[in-house]
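K.L.:
What follows is a predicted protein model with its sequence.
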There are 2 protein chains.
Amino acid sequence: MMSDITMAYNTYGILNEDKSNAILVCHALTGDQFAASQQPVTGKEGWWTIMIGPGKVLDTDRYFIVCSNVLGGCMGTTGPKDINPETGKAFGLDFPIITIGDMVRAQSLLQDYLEIPDWFCVIGGSMGGMQVLEWANSYSERCFSAIPIATAAKHSAQNIAFHEVGRQAVMADPNWMGGKYLEHDVKPRAGLAVARMAAHVTYLSESALHRKFGRNLQDREALTFGFDADFQVESYLRYQGINFVDRFDPNSYLYITRAMDYFDIARDHGGSLAKAFEGSQTRFCVVSFSSDWLFPTTESKEVVKALNAAAANVSFVEIETDKGHDAFLLDTPEMLETIGGFLNSTAKSRGLL
Amino acid sequence: MMSDITMAYNTYGILNEDKSNAILVCHALTGDQFAASQQPVTGKEGWWTIMIGPGKVLDTDRYFIVCSNVLGGCMGTTGPKDINPETGKAFGLDFPIITIGDMVRAQSLLQDYLEIPDWFCVIGGSMGGMQVLEWANSYSERCFSAIPIATAAKHSAQNIAFHEVGRQAVMADPNWMGGKYLEHDVKPRAGLAVARMAAHVTYLSESALHRKFGRNLQDREALTFGFDADFQVESYLRYQGINFVDRFDPNSYLYITRAMDYFDIARDHGGSLAKAFEGSQTRFCVVSFSSDWLFPTTESKEVVKALNAAAANVSFVEIETDKGHDAFLLDTPEMLETIGGFLNSTAKSRGLL
């Protein structure tokens, strides 16, 4: 048990007098609270500027957007790199194992703190979508609507397998030092980069990789026949790996991937996902992408089936795109239209429009 | 240029007087010449006993089966762990980069040595299938028939990406020591195990993983909420990784994955795959598996299209299975029937039956 936790969050837009226009944005595995503002480490713009801003789908002229760093994260919310008050050293592996439920519970405390009785909407993709489903499961009365994108109500065997590969890559790096690298002023950079590279391949579809890179060569006319990055796709992956290491804590990577692996809403309801949503008044809009093989449409359909069985209010769209799992982070026009339309009609029901 | 190479090979069955019943079996990335005999390091039976033996599809009562370790391998054929005569030390990264073409050229020297004018059949899955296609490309007149299984005429961007992750995992291990681990009497075990784990996930289909493991727990009643292998799929992957390290040379893994990445038959024919097969008298049987996402059916169809355009003799079967890429190594009845039928009718054309 942790007695005190810090939650780091950003807000965009203004909370109305009724406190009825607040939207919680839940970030994915390697995301953070800088959804629509400059990331302080990389200096890059927020990861969801495609969605959040004046006149955009998550319209900051109309809504009050909240995005918090997840519990176990490394951008300000309490996580394994923070100091354990009992030892005066970084938690490392003494940090308790966390679940998606714990992340959402922490967000609900933030909701209390902000004195928001219920979110107008909770929205997120991938692990963000898991949090959305967990909100609907545990705090349905506190979210008016919910938009889980490219996600699932349980983590599949294949996804657990990919996560395990990533964790083993981190732990195989001698600089991980049993999780105590901060005490030794080192970082398992190589292992974390490999983990990120492996994960990154799964975020793209084969057709997106083919379209983006094919077998094109990197800054050269002909094959060099060596172990340099001859192919653009290799160079791209190496960049993704190296770039990630500067902004992310390796132990956070372990804890957050593990939280995803343990996610299985039906398990807590005797195996019935429908039971999790029984009596829910939340309005759902479930979104999947045709080329997403990490969280395929079949997983979203399981959620929709359960919501239907629970007689919940649900709309579902599978968006045709070749961009793979990453589509939720990209300018995917049909996604923007779908979510924009749903939010508009839901805002009318809520009396916001 | 290498002046001398050693080829390690096994044979099963007896070469007939005409020397017309020889079949070359080409192994995959981590395979070896022990296709139907005990592997000396692991003590396990051969990797293709499902196919090779008396009365089996590759019938040792009827055919003379040859299986050689690929150039760059680590089970006896010359590879990076062998001594470089110029330095008296293991080659390591001084070993020349090899291609699938080099592997096949080495096999053709073995064919000369065995005084076999032409193979009755060249057969193999995955990288073995690449060698089959390369035989048809470079030595069509020396193979009467060819059975490329679960393969492609070029390595895709996604597959290059997965290989790059594996190589980076090996190279990230400090025990790799710039490829000179043998001189220091160490081995990048952790890195190679991670590479193998990552690759292994790609060899199985999501449905096979789900059927085999689902979210089942490993030898325990309830989740432990920690980083131990709670799930069976994690335990299985760790076993695959650790087990592999004992029998494989890390630098061989680098060289052989690289050979696959460079594979692109059409490139050497002005971008036209059909040109590679023009005038070929070889009889082809192309086999793919419906759930193989590493070498999907679309890749086999590209080969078939090119063979048709070259007016070659080709039959093609996509086998319905949920076993994924690994199906060619497993008891897949429809595969055995398909290949058995093709070999019987081809043996008749050849006057062997």
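P.N.:
Received, thanks.

K.L.:
part of a strand, is A:Arg238?
P.N.:
No. Going by DSSP: H, G, I helix; E, B strand; the rest coil, the assignment for A:Arg238 is helix, not a strand.

K.L.:
hang on, it packs against A:Ala229?
P.N.:
Yes. Shown here, A:Arg238 and A:Ala229 form a contact pair, counting by CB atoms under 8 Å, at 5.9 Å. No exception for glycine: its C-beta is placed from N, CA and C like everyone else's.

K.L.:
all helices for chain A, in order.
P.N.:
Taking DSSP state H as the test, the helices found in chain A are A:100-113, A:127-138, A:157-172, A:189-203, A:206-212, A:232-247, A:250-262, A:273-276, A:297-309, A:333-349.

K.L.:
Tell me how far the closest residue to chain B within the stretch 1-150 of chain A lies from A:Met75.
P.N.:
Closest to chain B within the stretch 1-150 of chain A is A:Ile97: 4.1 Å, counting by CB to the nearest CB. According to CB to CB, to the nearest Å, A:Ile97 stands 20 Å off from A:Met75.

K.L.:
I'd say A:Thr257 and A:His163 touch.
P.N.:
Yes. At 4.1 Å, A:Thr257 counts as touching A:His163 under the criterion of CB under 8 Å.

K.L.:
is the helix or strand bottoming out on mean pLDDT in chain A anywhere near chain B?
P.N.:
Lowest by mean pLDDT, DSSP states H and E among the helices and strands of chain A is helix A:206-212, with a mean of 91. Yes. If you take CB under 8 Å from any CB of the partner chain as the test, helix A:206-212 does meet chain B, through A:Glu206, A:Leu209, A:His210, A:Lys212.

K.L.:
Just the buried residues of the residues you listed.
P.N.:
Buried by 16 or more other CB atoms under 10 Å in any protein chain shown: A:Glu206, A:Leu209, A:His210, out of the residues of helix A:206-212 next to chain B.

K.L.:
Not counting sequence-adjacent ones, nearest residue to the second one?
P.N.:
Just to be clear, that refers to A:Leu209. B:Ala157 (4.1 Å; CB to CB, 6 or more residues apart in numbering or on different chains).

K.L.:
ok, the one you found - contacts?
P.N.:
The contact partners of B:Ala157, taken as CB atoms under 8 Å, 6 or more residues apart in numbering or on different chains, are A:Glu206, A:Leu209, A:His210, A:Lys212, A:Phe213, A:Gly214, A:Arg215, A:Phe231, A:Val233.

K.L.:
Apply 7 Å and report the result again.
P.N.:
B:Ala157 makes contact with A:Leu209, A:His210, A:Phe213, A:Gly214, A:Arg215, A:Val233, according to CB atoms under 7 Å, 6 or more residues apart in numbering or on different chains.

K.L.:
Flag every residue of the stretch 101-250 of chain A that's near chain B.
P.N.:
Contacts of the stretch 101-250 of chain A with chain B, taken as CB under 7 Å from any CB of the partner chain, map to A:154, A:156-158, A:160-162, A:164-165, A:167-169, A:172-174, A:190-191, A:194, A:197-198, A:201, A:206, A:209-210, A:213-215, A:223, A:225-227, A:231, A:233-234, A:237.

K.L.:
returning to that earlier point: hang on, the residue of the stretch 1-150 of chain A closest to chain B packs against B:Phe227?
P.N.:
No. Look at A:Ile97 against B:Phe227 with CB atoms under 7 Å: they stay out of range, at 8.1 Å.

K.L.:
which residues do those two both contact?
P.N.:
Shared contacts of A:Ile97 and B:Phe227, defined by CB under 7 Å, 6+ apart, are found at A:Arg258.

K.L.:
Pull up the gap between A:Ile50 and A:Pro148, please.
P.N.:
With CB to CB as the criterion, A:Ile50 and A:Pro148 are 18 Å apart.

K.L.:
quick one, which of these two is more surrounded?
P.N.:
A:Pro148 (30 against 18; other CB atoms under 10 Å in any protein chain shown).

K.L.:
Next, see if stretch A:263-283 gets close to chain B.
P.N.:
Yes. Stretch A:263-283 comes into contact with chain B (CB under 7 Å from any CB), by way of A:Asp264.

K.L.:
Please identify the buried residues of that stretch?
P.N.:
Across stretch A:263-283, burial judged by 16+ other CB under 10 Å covers A:263-267, A:269, A:272-277, A:280, A:282-283.

K.L.:
Closest one of the residues you listed to chain B?
P.N.:
Chain B has its nearest neighbour among those in A:Asp264, at 6.2 Å by CB to the nearest CB.

K.L.:
Okay, and the beta partners of that closest one?
P.N.:
A:Lys154 (DSSP bridges).

K.L.:
what residues are up against the nearest residue to A:Arg283 once chain neighbours are set aside?
P.N.:
Counting by CB to CB, 6+ apart, A:Ser145 is the residue found nearest to A:Arg283 once chain neighbours are left out, at 4.3 Å. Applying CB under 7 Å, 6+ apart to A:Ser145 gives the contacts A:Phe120, A:Cys121, A:Thr282, A:Arg283, A:Thr346.

K.L.:
distance of A:Ser145 from A:Ile319?
P.N.:
With distances taken as CB to CB, A:Ser145 is found 19 Å from A:Ile319.

K.L.:
since we're on the nearest residue to A:Lys180 once chain neighbours are set aside, how many residues are nearby?
P.N.:
Leaving out its chain neighbours, the residue that sits closest to A:Lys180 by CB to CB, 6+ apart is A:Gly92, at 5.2 Å. By other CB under 10 Å, 21 other residues sit near A:Gly92.

K.L.:
show me the contacts for A:Gly92.
P.N.:
Applying CB under 7 Å, 6+ apart to A:Gly92 gives the contacts A:Pro80, A:Gly179, A:Lys180, A:Leu182, A:Asn251.

K.L.:
so what's the residue lying closest to the fourth one once chain neighbours are set aside bridging to?
P.N.:
Right, the one you point to is A:Leu182. Leaving aside its chain neighbours, A:Leu182 sits nearest to A:Ala90 (4.3 Å; criterion: CB to CB, 6+ apart). Counting by DSSP bridges, A:Ala90 is bridged to A:Ile83.

K.L.:
Which pLDDT value goes with A:Ala90?
P.N.:
Listed pLDDT for A:Ala90 reads 96.

K.L.:
Below-threshold pLDDT in the stretch 1-150 of chain A: ranges please.
P.N.:
For the stretch 1-150 of chain A, the stretches with pLDDT under 70 are A:1.

K.L.:
Please enumerate residues in contact with stretch A:61-71?
P.N.:
By CB under 7 Å, 6+ apart, the residues outside stretch A:61-71 that reach it are A:5, A:7-15, A:21-25, A:27, A:32-33, A:35, A:52, A:54-55, A:58, A:75-78, A:98, A:102-103, A:106-107, A:110, A:114, A:120, A:256.

K.L.:
hmm, I was thinking of stretch A:261-274
P.N.:
A:99-100, A:130, A:133, A:137, A:153-155, A:160, A:163, A:275-276, A:302, A:306, A:309-310, B:215, B:223, B:225.

K.L.:
cutoff 6 Å now
P.N.:
With contacts defined as CB atoms under 6 Å, 6 or more residues apart in numbering or on different chains, stretch A:261-274 is touched by A:99-100, A:130, A:137, A:153-155, A:160, A:163, A:275-276, A:306, A:309-310.

K.L.:
so which of those is the most crowded?
P.N.:
Ranked by the number of neighbours (other CB under 10 Å), these place A:Met130 first, at 30 neighbours.

K.L.:
Could you double-check that that residue sits in contact with A:Ala150?
P.N.:
No. Contact between A:Met130 and A:Ala150 fails when scored by CB atoms under 6 Å: they sit 10.4 Å apart.
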